[in-house]
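# no letters, just coordinates:
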């Protein structure tokens, strides 16, 4: 079984890595299990609702037992 435990989706600087496209590419390449996080959560002024929408879009297509989402907790954003 092929596993990728370090995928990133979302915004990274000025480039947006479409979550469903990233997961489609790796699953078509034979990855059976994956873990991913959204780099959107590292943007200045991020709203966690945007990250939650990205994850919800992925889990609607790829079950969380196969493609596991990780949410970054960044304390300065909570303040």
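That came through fine. If you're wondering where the values come from, they're calculated on a predicted model, not measured in any experiment.

# quick check: mean pLDDT of the lengthiest helix in the chain?
Assignment by DSSP state H gives helix 48-61 as the longest helix of the chain. For helix 48-61, mean pLDDT rounds to 90.

# may I see the buried residues of that helix?
Burial within helix 48-61, assessed by neighbour count using 16 or more other C-beta atoms under 10 Å, is assigned to 48, 51, 54, 55, 58, 59. (Each C-beta comes from the backbone N, C-alpha and C, glycine too.)

# what packs against that helix?
Other helices and strands packing on helix 48-61, by 3 or more C-beta pairs under 8 Å, 6 or more residues apart in numbering; DSSP states H and E, are strand 2-12, helix 19-28, strand 31-38, strand 67-70.

# would you list the strands that the longest one pairs with, along with their directions?
If you go by DSSP bridges, strand 2-12 pairs up with strand 15-17 (antiparallel), strand 31-38 (parallel).

# got the angle for it vs helix 48-61?
With axes from the mean of the first three to the mean of the last three C-alpha atoms, to 10 degrees as the basis, strand 2-12 and helix 48-61 are set at 140 degrees to each other.

# mind listing what's buried in strand 2-12?
4, 7, 9, 10, 11.
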